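Participant: What would the 3D arrangement of this be:
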Amino acid sequence: MMSWEYTEIKYPCPCGQGTYTEISGSNDWQQTSRDWRMDCPACREGYGLHTYTYYRHGMAETGYRWVKRTSLDAANELKTKARDLRSRAVMLLHNRYLQMIVTRFKDSSKKAVWRELQKNIPSFISLSTFYARTNGKTTQEYLAELLDNYTHCGYVLKLLDIDDSDIFILLTDAESCDANANDLLTK
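Facilitator: Reported below is the predicted structural model:
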């Protein structure tokens, strides 16, 4: 049976009148858990816990930060808006250009398709991963999945030699929303 051991450490809360508790746990299999709990009643009303991912030494870590609840709510609204804008950009890309990119690669081998995508999309997947992901799929099915990734939109348009201001504006507005949300969360 695997047992968990927990430790609790108290820290001053943002208002300085109370505390919050960091709860860390670990088990025999080297699994860990971490959570923060607000003990101060005033801060519980005025602050929310923002969790985020950052990378340290190439490993994903989870960070925690107390943020004013109004800023946290506003940041969440901006992130939702950014997601919606990116979804609209992807939908436009599909509607306007999926058939064009499928036609471009109509008579190409899988390796030729991969080579062209690798050349035009930074950090594109390896050939073996490409083969694994396209196994049993038509070119149209795979290219439709490729276009679902909003980070590929600009590169696909460049590959097709198309300047679509509608898509560009949606993606630029989404980046702006994300930047504003991050500003709110780091104050």
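
Participant: lowest-pLDDT helix or strand in the chain?
Facilitator: helix 139-147 (a mean of 89; mean pLDDT, DSSP states H and E).

Participant: What residues sit buried inside the next helix or strand after that one?
Facilitator: Downstream of helix 139-147, the first helix or strand assigned by DSSP states H and E is helix 153-159. By neighbour count on 16 or more other CB atoms under 10 Å, the buried set for helix 153-159 is 153-157, 159. Where C-beta positions appear, they are placed from N, C-alpha and C, glycine not excepted.

Participant: ditto for stretch 108-124
Facilitator: Buried, per 16+ other CB under 10 Å, within stretch 108-124: 110, 113-114, 117, 121, 124.

Participant: could you dump these to a markdown table with secondary structure, pLDDT and distance to R104?
Facilitator: Shown next, in a markdown table, are these (DSSP: H, G, I helix; E, B strand; the rest coil; pLDDT from 0 to 100; distance: CB to CB, whole Å):
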| residue | secondary structure | pLDDT | distance to R104 |
| --- | --- | --- | --- |
| K110 | helix | 90 | 14 |
| V113 | helix | 92 | 9 |
| W114 | helix | 93 | 14 |
| L117 | helix | 93 | 11 |
| I121 | coil | 91 | 14 |
| F124 | coil | 89 | 16 |
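
Participant: same for the longest helix seen in the chain, what does it pack against?
Facilitator: Counting by DSSP state H, the longest helix found in the chain is helix 69-104. Helix 69-104 sits against strand 47-56, helix 139-147, helix 153-159, helix 165-185, with contacts defined as 3 or more CB pairs under 8 Å, 6 or more residues apart in numbering; DSSP states H and E.

Participant: tell me which strands and helices the first one is in contact with?
Facilitator: Contact here means 3+ CB pairs under 8 Å, 6+ apart; on that basis strand 47-56 packs against strand 32-38, strand 59-68, helix 69-104.

Participant: ok, 10 Å please
Facilitator: strand 32-38, strand 59-68, helix 69-104, helix 165-185 (3 or more CB pairs under 10 Å, 6 or more residues apart in numbering; DSSP states H and E).

Participant: So which of those is nearest H50?
Facilitator: Nearest to H50 among those is strand 59-68 (4.5 Å), distances taken as CB to CB.

Participant: and that closest one, what's its mean pLDDT?
Facilitator: Mean per-residue pLDDT for strand 59-68: 93.

Participant: what's the angle from that strand to strand 47-56?
Facilitator: 160 degrees (axes from the mean of the first three to the mean of the last three CA atoms, to 10 degrees).

Participant: list the buried ones in strand 59-68?
Facilitator: Per 16+ other CB under 10 Å, strand 59-68 contains these buried residues: 66-68.

Participant: For the buried residues of stretch 108-124, work out which two are farthest apart.
Facilitator: Longest span within these, CB to CB: K110 and I121, 15.7 Å.

Participant: rewinding a little: CSV for the buried residues of stretch 108-124, including distance to S33?
Facilitator: Putting those into CSV (distance: CB to CB, whole Å) gives the following:
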residue, distance to S33
K110, 43
V113, 43
W114, 40
L117, 39
I121, 37
F124, 35
